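Peer 1: what follows is a predicted structure for the sequence shown.
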Amino acid sequence: MQNISNRKTNTKNLITYSVFDLIHLEKSFINPKSALLILLGTIIISLFLPWTQFLQTKGYLTTLKPDDRPQTINSALPGRIEKWYVKEGDFVRKGDTIVKISEIKSEYFDPMLVERTSEQIQAKESSKVSYVNKIEALENQIVALRENYKLKLQQNVNKIKQSELKVFADSIDLETAHNNLNIAKIQLERFEQLFQQGLKSKTDMESRNVKYRDMIAKEASSNSKLLISRNELINAKIELNSIRADYEEKIAKADSDKRSAESSFYDNESTISKMNNDLDNYKIRRQNLYITAPQNVYILKALSKGVGETIKDGEAIVTVMPANAELAVEFYVEPFDIPLVKLEEKGKLLFNGYPTIFVPGWPELSVGTFDAEIAAIDQSISENGKYRVLLKEVKGQNPWPKSLKFGLGTEGVILLNDVPIWYEIWRQINGLPADFYAGESAKPKKEDDKK
């Protein structure tokens, strides 16, 4: 307080004022220097306490499996909506009907289309039996023709051999007759000489002349027989060619009829196969008129129009959320920190709407958090310039609430290594990533990190 005047204040007279009786000045029992030393010691000791490094980010609930995520149910057919069997928010079991539609294409209007197609298939199946029988009959006919052809050829070959032998025999007979004729001629000339000499009678000469005439007739007859035998041989060879041509034509015709029957049989088979395909398509099409739930789902939102209005094939009808989905949490981590994130690394989750007290550095002291572990890490960067990380529930430990919904906001903490507080302060001051230098004070929690 500054001295404004030269007048001195008499402190002895202060006790005369009653207000000073209310003021009691007590002597402090703590020395300021000791308190400062205690505080300084406490701070130094605290610097060596363990601190769990962590990465904290925000995300939302999703699912590990794509088929557990919200999806739309589409109509496989164009049609007209006839009836809705559900409303938004309903739980629908797998196979239960969601909506019924009716046909709008004229070729499918017939309500007995499946039954009539089945009858047509049965008729085609019956005609198939006749084709099989015809093919078997033609095969038997071909076998018989080939057997007869073989026998006829053998018969004609034998006939040709007989004709050849007959020609050979007739040739010998002709040669014999020719020789006999020459002998008879010589004898006749000799008898004529003897007759002129008067040694033979006229009767003997005439008898010899008759014999010579007989030899001429026999030679002509033998020559005629030889010519006939040769003609028979030629006819047998001609008949052989005729048999070959005739039977080959018959066999070819029977084989052609058989192939035609087989072609008709295969055409019938193709028609039956196509009709069976059409029948199956009609049955599946009839089933697709009832749009059912592919799995246990909740109806989120009806996207299609009301009863009586038409929809296109492939058009989305309703949005559903699969029940009992395996939830996961989706986070995005900066590229600066992604080398620190490893599969099966532990983490803590803070779900929106659930009271939570999170103590940074000492996760075991946190209240209301839920355990998780890293299930997947994207191998490429996302469009937002970060890496996507999925965390899943740790089975058997602090189960997640059953009331969690897809898309719920979440804060996640990925737990890293345990280090002293002084090391963490030094790292933060230098702007280094978590556990950038693995010094002696750093104590990795996982054996993989030690290796």
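Peer 2: Nice, I can see it.
Peer 1: any weak-confidence spans in the stretch 1-150 of the chain?
Peer 2: With pLDDT under 70 as the threshold, the stretch 1-150 of the chain has low-confidence stretches at 1-30, 53-54.
Peer 1: can you give me the helices in it?
Peer 2: When secondary structure is read from DSSP state H, counting those that start in this stretch, the stretch 1-150 of the chain shows helices at 32-46, 113-196.
Peer 1: so Y354: helix, strand or coil?
Peer 2: Under DSSP: H, G, I helix; E, B strand; the rest coil, Y354 falls in the coil class.
Peer 1: based on its surroundings, how many neighbours for the nearest residue to it once chain neighbours are set aside?
Peer 2: The spatial neighbour of Y354 that comes closest, neighbours along the chain excluded (CB to CB, 6 or more residues apart in numbering), is G368 at 6.0 Å. C-beta: built from backbone N, CA, C; applies to glycine. Around G368 sit 12 other residues, with neighbours defined as other CB atoms under 10 Å.
Peer 1: ok now do G368, which residues does it touch?
Peer 2: When the contact criterion is CB atoms under 8 Å, 6 or more residues apart in numbering, the partners of G368 are L350, Y354, P355, T356, I357, F358.
Peer 1: most neighbours among those residues, which one?
Peer 2: Taking other CB under 10 Å to define a neighbour, the member of the contacts of G368 with the most is L350, carrying 20 neighbours.
Peer 1: confirm for me that that one is in contact with G412.
Peer 2: Yes. Contact criterion CB atoms under 8 Å: L350 and G412 qualify, at 7.4 Å.
Peer 1: longest helix in the chain, please.
Peer 2: The helix that spans the most residues within the chain, counting by DSSP state H, is helix 202-288.
Peer 1: strands of the stretch 301-450 of the chain, start to end?
Peer 2: 310-311, 316-322, 327-333, 346-351, 370-377, 387-393, 409-420 (DSSP state E, counting those that start in this stretch).
Peer 1: got TSV for those strands, with mean pLDDT and distance to Y247 too?
Peer 2: Formatted as TSV, the entries for the strands of the stretch 301-450 of the chain read as follows, by pLDDT from 0 to 100; distance: least, CB to CB, whole Å:
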stretch	mean pLDDT	distance to Y247
strand 310-311	88	69
strand 316-322	90	71
strand 327-333	88	83
strand 346-351	82	92
strand 370-377	86	80
strand 387-393	89	82
strand 409-420	76	92
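Peer 1: out of those, nearest to K94?
Peer 2: strand 316-322 (10.0 Å; CB to CB).
Peer 1: other SSEs contacting the closest one?
Peer 2: strand 71-74, strand 97-102, strand 297-302 (3 or more CB pairs under 8 Å, 6 or more residues apart in numbering; DSSP states H and E).
Peer 1: pull the CA coordinates from the first one and hand them back as CSV.
Peer 2: The C-alpha atoms that make up strand 71-74 are tabulated as CSV, following Å, rounded to 0.1, in the frame of the first residue of the first chain:
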residue,chain,number,x,y,z
GLN,A,71,-30.6,-54.6,-49.3
THR,A,72,-33.4,-54.1,-51.8
ILE,A,73,-35.7,-57.0,-53.0
ASN,A,74,-36.3,-56.7,-56.7
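Peer 1: tell me, how many residues neighbour the residue lying closest to V413 once chain neighbours are set aside?
Peer 2: Beyond its immediate neighbours in the sequence, the residue positioned closest to V413 (CB to CB, 6+ apart) is K348, lying 4.4 Å away. K348 is flanked by 24 other residues according to other CB under 10 Å.
Peer 1: wait, K348 sits on G412?
Peer 2: Yes. Between K348 and G412 a contact is recorded at 7.3 Å, counting by CB under 8 Å.
Peer 1: give me the common contacts of these two.
Peer 2: Once CB under 8 Å, 6+ apart is applied, the residues that K348 and G412 both contact turn out to be A372.
Peer 1: so D255 sits right up against V143, yeah?
Peer 2: No. Under the contact definition of CB under 8 Å, D255 does not touch V143, with a separation of 11.2 Å.
Peer 1: sorry, back to before: tabulate the helices and strands packed on strand 316-322 (JSON lines), appending mean neighbour count and distance to K386.
Peer 2: Converted to JSON lines, the helices and strands packed on strand 316-322 look like this (neighbours: other CB atoms under 10 Å; distance: least, CB to CB, whole Å):
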{"stretch": "strand 71-74", "mean neighbour count": "16", "distance to K386": "26"}
{"stretch": "strand 97-102", "mean neighbour count": "18", "distance to K386": "38"}
{"stretch": "strand 297-302", "mean neighbour count": "18", "distance to K386": "29"}
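Peer 1: among the ones you listed, which is nearest I291?
Peer 2: Distances from I291 to each of those were compared using CB to CB; the shortest belongs to strand 97-102, at 5.0 Å.
Peer 1: return the distance of E393 relative to K405.
Peer 2: 15 Å (CB to CB, to the nearest Å).
Peer 1: and for E344, nearest residue in space, chain neighbours not counted?
Peer 2: Here the residue nearest E344, using CB to CB, 6+ apart, is E373, at 5.4 Å.
Peer 1: also S163?
Peer 2: Nearest residue to S163 in three dimensions, chain neighbours excluded: L233, at 3.8 Å (CB to CB, 6+ apart).
Peer 1: wait, the one you found touches I160, no?
Peer 2: Yes. Checked against CB under 8 Å, the pair L233 and I160 is within contact range at 6.6 Å.
Peer 1: which residues are contacting stretch 149-157?
Peer 2: A236, E239, L240, I243, R244, Y247, E248, I251.
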